[in-house]
Each structure stands twice: as C-alpha cells, then as structure tokens.
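Chemist: no sequence for this one, just the structure:
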C-alpha cells in the first residue's frame, strides 16, 4: 500500500503493485524428473515436432543399454548384489517392506485401511516374491515405470493391475501451452504447463516420431534422483562406475595378452638364405614361414585364445634371414617374462570400481571371514555404506507413495489434499535380516546391561535411576511405564517366588 506524505509517495503505486502480483509465479517448477520441455503453441500442435529424438531420448536409450551391459560384468554384478541384498531382505512369511503410521494423526480406522491397501499394492507389484528383481531393475536402469490399470466403469474398485514398462519406450514430457509477455520477455507460467507421458512402441528406434500420449496419473514414475548438469537426463547409479569398469576390463584384457605373449619361451628361426638376391631371399623366407608359422588370436569378448591355423605351438615365432658365411640355419629360444605374477594394478582398479559404486572395499575379498562387527569394529566405510543404502531405500519408497496415494484416492479413503499432507509423515520400514539383527540386538543389550551394572554403585550419588534407564538402557517413556507395570503385575501374581530377591535390588528397586 503506497503512502503519500508531503508530496512524496512512499511504497509502490497500484500499477507497480499489480505488476508485482502478476509476476509472482514467473517460472516453471524446477525440472527434477528431467521431463522433456516442449512448446505447445500453434506449431507444437503437430505431435512430435519438438521432440528431440536424436538428442536426449536417443542418449537415454544408449545409457540404459550401457547400464544393463555393465550389470553383466562379474565385478559390477557382485557389487550390485551386495547393494540390493542390503536394501531389501526377503524371508518366508515376512513382508520385505511394512508401512509405519505412528506419526500420522488420523483415526485408527483409516490407518487400518491404509495398511490393508499398502499390502494390496505390494501384491499387485509382486513385491513379496520379486522384491530383489524389482529393486535391482530400478538400481541398474536408474528409473522405473508402471502403467496403472483401473476399471473405467467402476474406478472405486481401485488399481486392477500394474504393468512394468521398458524405460526405453517412454518419456515424460512437459508441454508449455501458453507464454506471457513480461517486460519484453516471453515467460512460461507454471499454470500453463501440462505434464504427460509419451509411449513409443518402437522405443529402441530413435527415428520414430509417432507415439501414444498418456495421462500423467496413469503412470507411476520413480527415478534415481541423479540428473546431468543441464537437468535434461536421468543418470543411473552405475553412471559413475563407467570409467573404472572400462579401465579394469581393458587392463585385464591387456594383462591376459601380455601373460600369453611373455609367459612361454618363443622360438627364433635363423634361416640361411645363402647368396640369393634380396627378392628371392624374402620369397624363400616367406615360404618357410608359411609351413611353420602360427597365428594366435585373443578374443576379448569371451576371453578365449585360439589359433586360426590350428598349429600346436603357442605364439608367433621370430624369423630372421642369415647370409652365407654364418652358422647356417639355426633355431633358438627367447626367454619368457619374469614379472608375470604382479597384479597390484588390477587390484587397484577393482578397489576403484567398488568405491565408485559405494561398496566397502573390504567386501572385495571373498576369502575374508565375515564379522558381525562390534561397535568398536565397524569400519567407516561400512557406516557410509549403511547410510547410502538408507538413501536408496528412501528414494525407492517414492514408488510406494505414488501407488498408495492413487489407490487411496480411487477408493475414496482419503482426498488428494489430505494425502499430500500426511504422506510426509509416513515411513516405510524395510525388513532386516532377522538372524543378524537378533545377534546384533543381543550384543547391544549385553553391553548396555554391563554398563548399567558398573554404574549401580553411583546411582543415587551421581546418576538417577531415570537417567540410567533412558540413557544407558535406552528405554523410552512408554517402555519404562510398560516394564514397571509388568514388574508390579508379576509381584502381585507371585511369579518370582522369592527367586528375584538378589536381582530385585538392581533390576527392580534400583531402576524404578
């Protein structure tokens, strides 16, 4: 509001205020999912005119294909297996993922319905049986698409089927339908941008310009969250390992070739050509070579070594002409290499590959013994790896958010506005390996009780009972109330029969 005082105007005039209000939303939301932005004006009506199929889309196809080829590499496959096994654990009778609604302030009846629908979503995904494969596919490709199929006659029945879509056949598109002239510049306003998906049946063909337009709500899209610098393309988790893997593979192939070339002793033929002219001497030498020469070939794709001429010798020989007056025709040998057992460079690039994938280098040695790891034995790399796995789980959980929100809204359990509010407080608990989790829990409980016993003589002087229970035994307020009630109930029922008198001083009265 402008204020006029002594002929001066303090603040903005109405025209300036109107200009400010009209330009509050002056830019599109940040392109966090690498949607392809196109012009939706009159020329954009010709479908596919502005789709850069020779640029972004073709490059994404090439990247996804490269990621899948990388996953077939033995070292990369082992690292991926470690990551996926840590991320999702499947055990008989236990769901891989469960939903936690403890922080959601909604009625218990609705919570029960949400849990039921979440189990239905996992059933539609086949997550109980194929959790490992689904997570691995998302990790390798860097993105995951599902087509949501519903009953059009009765949408309240919810999602009927979820169909996986090859990411090389689909692309998210953001169409800017209208632009506004502000201060001489054309600006695309957020309210005039529409997102949808384009499905290409001939996805692997970059020259294909005909596609099917699909509504945004019909597709569930989850990606890695890693974008290139221009935010026009989604990168996979394997992208940073492309160079280390190629270096390792090249070095391994070069090492094999060098070992084969230098390991055996090679023959040297000194052929006496007498007084033959140079041309005749060369022809004579080639004739001798054609009788005995072999050609050894190394196939880097399969790792095989073969000899096209089917000779029994290992390598090509050296053929040297010798003039008359020497020792005549002679066959001798060239000693093999002596430093063929050095593989430090290969080990270096293997470690570099594991570091690029975020896997601790200690997992590289399969012959090493497995340690559950006490608190003092856990390495820094393992701690970082645990945090990395938690980040992967959080990113992958957006798949459950998309599908669960759609299911709840279709069945009328919750509105779209309410879902946007409560989904921030919903957490997904990924099942841990029960055997190792129990062993770890037992170890932690033993350490805590030992510390509590050590502090027993200081309780009442330097520490209170409540402080020890909360900070040493790590008991919450609910745990304390429940345990105290159980102890009182056991005393009333006479279950201890006097057997707990020795422990009552410490376990009962000391920590009440």
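Modeler: Structure received. These figures come from a predicted structure and were not determined experimentally.

Chemist: once you drop chain neighbours, what's closest to the residue nearest to the spatial centre of the chain?
Modeler: Central residue check for the chain by Cα atoms, centre = their mean: the C-alpha nearest the mean position is that of residue 139, 3.7 Å away. Spatial nearest neighbour of residue 139, chain neighbours left out: residue 237 (5.6 Å); criterion: Cβ to Cβ, 6 or more residues apart in numbering. Glycine gets a C-beta too; all of them are placed from N, C-alpha and C.

Chemist: strands of the stretch 351-500 of the chain, start to end?
Modeler: 427-430 (DSSP state E, counting those that start in this stretch).

Chemist: pop the domain breakdown of the protein in here.
Modeler: 36-238+391-430, 265-334, 435-491 (the TED database).

Chemist: how about those domains, which one is nearest residue 357?
Modeler: Set against residue 357 and scored by Cβ to Cβ, the domains of the chain come closest in domain 36-238+391-430, at 4.6 Å.

Chemist: quick one: end-to-end distance for the closest one.
Modeler: 33 Å (Cα to Cα, to the nearest Å).

Chemist: gap between it and the chain center?
Modeler: Distance, stretch centre to chain centre, for domain 36-238+391-430: 15 Å (Cα atoms, centre = their mean, to the nearest Å).

Chemist: list the contacts of the residue nearest to the centre of the chain.
Modeler: 80, 83-84, 87, 224, 236-238, 392 (Cβ atoms under 8 Å, 6 or more residues apart in numbering).

Chemist: if we go to 10 Å?
Modeler: 67, 71, 80, 83-84, 87, 224, 236-238, 392, 395-396 (Cβ atoms under 10 Å, 6 or more residues apart in numbering).

Chemist: next, give me the two most distant ones among the residues you listed.
Modeler: 71 and 395 (18.5 Å).

Chemist: and the helices in the stretch 101-250 of the chain, which stretches?
Modeler: Along the stretch 101-250 of the chain, counting by DSSP state H, counting those that start in this stretch, helices occupy 108-125, 127-141, 242-262.

Chemist: buried ones in the longest one?
Modeler: So the one you mean is helix 242-262. 244-245, 248-249, 251-252, 261-262 (16 or more other Cβ atoms under 10 Å).

Chemist: what of stretch 210-221?
Modeler: 211, 214, 219-221.

Chemist: for the one helix or strand residue 269 maps to, packing partners?
Modeler: Counting by DSSP states H and E, the element that carries residue 269 is strand 266-274. Applying 3 or more Cβ pairs under 10 Å, 6 or more residues apart in numbering; DSSP states H and E, one finds that strand 266-274 contacts helix 278-292, strand 318-323, strand 330-334.

Chemist: may I have the strands that pair with that strand, each with its orientation?
Modeler: strand 318-323 (parallel), strand 330-334 (antiparallel) (DSSP bridges).

Chemist: number of residues surrounding residue 413?
Modeler: By other Cβ atoms under 10 Å, 17 other residues sit near residue 413.

Chemist: pretty sure it is in contact with residue 120, am I right?
Modeler: No - using Cβ atoms under 10 Å, residue 413 is not in contact with residue 120; the gap is 11.7 Å.

Chemist: which neighbours do the two have in common?
Modeler: Joint contacts of residue 413 and residue 120 (Cβ under 10 Å, 6+ apart) are 158, 407.

Chemist: residues of stretch 67-79 that come out buried?
Modeler: So stretch 67-79, judged by 16+ other Cβ under 10 Å, has buried residues 67, 70-71, 73, 75-76, 79.

Chemist: other residues contacting it?
Modeler: Contacts of stretch 67-79 (Cβ under 10 Å, 6+ apart): 80-81, 136-137, 139-142, 168, 235-239, 241-242, 244-246, 248-249, 252, 349-350, 353-354, 356-359, 363-364, 366.

Chemist: ok, of these, which come out buried?
Modeler: Buried, going by 16+ other Cβ under 10 Å: 80, 136-137, 139-142, 168, 235-239, 241, 244-245, 248-249, 252, 349-350, 353-354, 356-359, 363-364, out of the contacts of stretch 67-79.

Chemist: what segments of the stretch 351-500 of the chain are helices?
Modeler: Under DSSP H, counting those that start in this stretch, the stretch 351-500 of the chain gives helices at 380-396, 398-410, 416-422, 434-454, 465-471, 477-493.

Chemist: how much space separates the residue lying closest to residue 303 once chain neighbours are set aside from residue 345?
Modeler: Spatial nearest neighbour of residue 303, chain neighbours left out: residue 256 (7.1 Å); criterion: Cβ to Cβ, 6+ apart. Counting by Cβ to Cβ, to the nearest Å, the gap between residue 256 and residue 345 amounts to 13 Å.

Chemist: likewise residue 270?
Modeler: Taking Cβ to Cβ, one finds residue 270 at 36 Å from residue 345.

Chemist: how about residue 494?
Modeler: Residue 494 is 73 Å from residue 345, by Cβ to Cβ.

Chemist: what's the neighbour count on residue 345?
Modeler: Neighbours around residue 345, by other Cβ under 10 Å: 14.

Chemist: could you say which helix or strand holds it?
Modeler: With DSSP H and E as the test, residue 345 turns up in helix 344-357.

Chemist: next: residue 85.
Modeler: helix 74-87.

Chemist: now for the helix or strand following that helix, which elements pack on it?
Modeler: Next in sequence after helix 74-87, counting helices and strands by DSSP H and E, comes strand 97-100. If you count contacts as 3+ Cβ pairs under 10 Å, 6+ apart, strand 97-100 packs onto helix 108-125, helix 127-141, helix 398-410, strand 427-430.

Chemist: same for the last one, what does it pack against?
Modeler: With contacts defined as 3+ Cβ pairs under 10 Å, 6+ apart, the packing partners of strand 427-430 are strand 97-100, helix 380-396, helix 398-410.

Chemist: possible to save these as CSV with mean neighbour count and mean pLDDT?
Modeler: Listed next are the helices and strands packed on strand 427-430 as CSV, based on neighbours: other Cβ atoms under 10 Å; pLDDT from 0 to 100:
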stretch, mean neighbour count, mean pLDDT
strand 97-100, 17, 90
helix 380-396, 15, 88
helix 398-410, 20, 92
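
Chemist: could you dump these to CSV with distance to residue 34?
Modeler: Shown next, in CSV, are the helices and strands packed on strand 427-430 (distance: least, Cβ to Cβ, whole Å):
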stretch, distance to residue 34
strand 97-100, 26
helix 380-396, 15
helix 398-410, 15
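
Chemist: relative to residue 149, which of these is closest?
Modeler: So among the helices and strands packed on strand 427-430, helix 398-410 is nearest, using Cβ to Cβ, at 11.3 Å.

Chemist: that closest one vs helix 127-141, what angle?
Modeler: 130 degrees (axes from the mean of the first three to the mean of the last three Cα atoms, to 10 degrees).

Chemist: other SSEs contacting helix 398-410?
Modeler: strand 97-100, helix 108-125, helix 127-141, strand 143-150, strand 159-165, strand 219-223, helix 416-422, strand 427-430.

Chemist: tell me the mean pLDDT for the fifth one?
Modeler: What it means is strand 159-165. When pLDDT is averaged over strand 159-165, the result is 92.

Chemist: who touches that strand?
Modeler: By Cβ under 10 Å, 6+ apart, strand 159-165 touches 117, 120-121, 123-126, 134, 137, 144-152, 154, 197, 199, 203, 214, 219-221, 403-404, 406-407, 410-411.
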